[in-house]
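> after the sequence you'll find the predicted model.
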Amino acid sequence: MLMFNNILVAIDESEVSNKVLEAARSMVDINRSNVTIVLVNVSKENVTPGLTYVPKDYLEDVLLELENESKDILEKAKNKLMTLEGATVNTVSLKGDPAHQILEYAKEHAQDMIIIGSRGISGVKGVMLGSVSHKVSQLSECPVLIVH
């Protein structure tokens, strides 16, 4: 039986995040051993594309606000998992392209599994947009559980 002791759980503000957390909870129940869950949220690295002139202070404020929102999202998710027995829950706030950051973190930190939500974009629209969950599932070196 496969054991997933190090599980990366990608969290955002979508409604799917609660289902993603339930999937993480189920994986802990299945493993019944020491599991480390890393809750990851990826915020934007910059906000300048398409903007003509914006004062530097304004951009720094926006990025700081995005970083604080990321930390809030992670803290709320961590609180929902605090009752898990046999699990350690950590949080990591990353910046940049979500798929790339999730994959890089999973590889560098030897994650056994990634749990990520899907926003339900399918067909041509999904292919054109190249959803984060699709990219992660195609390029990951470990198993990926996509929650709808």
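Sure thing, it's come through.

> C-terminal to the lowest-mean-pLDDT helix or strand in the chain, what's the next element?
Here the helix or strand of the chain ranked lowest by mean pLDDT, DSSP states H and E is helix 123-129, holding a mean of 50. The first helix or strand that comes after helix 123-129 along the chain, using DSSP states H and E, is helix 132-139.

> so where's the chain shaky on pLDDT?
Judged against pLDDT under 70, the low-scoring parts of the chain cover residues 1-2, 46-52, 120-130.

> quick one: secondary structure of Asn68?
Under DSSP: H, G, I helix; E, B strand; the rest coil, the three-state class of Asn68 is helix.

> could you measure from it over to Glu75?
Here Asn68 is placed at a distance of 10 Å from Glu75 (CB to CB, to the nearest Å). C-beta: built from backbone N, CA, C; applies to glycine.

> now the helices for this structure?
Defined through DSSP state H, the helices belonging to the chain, from first to last, are 16-31, 56-81, 98-108, 123-129, 132-139.

> what's the closest of those to Ser43?
With CB to CB as the measure, helix 56-81 is the member of these nearest Ser43 (4.3 Å).

> surely Val136 touches Ala99?
Yes: Val136 lies in contact with Ala99 (CB atoms under 8 Å); the separation is 5.3 Å.

> state the number of residues packed around Leu64.
Using other CB atoms under 10 Å, Leu64 has 10 neighbouring residues.

> and it, how far is that from Val54?
Leu64 sits 14 Å away from Val54, going by CB to CB.

> same check, this time on Ile114
Distance of Ile114 to Val54, given as CB to CB: 35 Å.

> the more surrounded of the two?
The residue with more neighbours, out of Ile114 and Val54, is Ile114; 26 against 11, by other CB under 10 Å.
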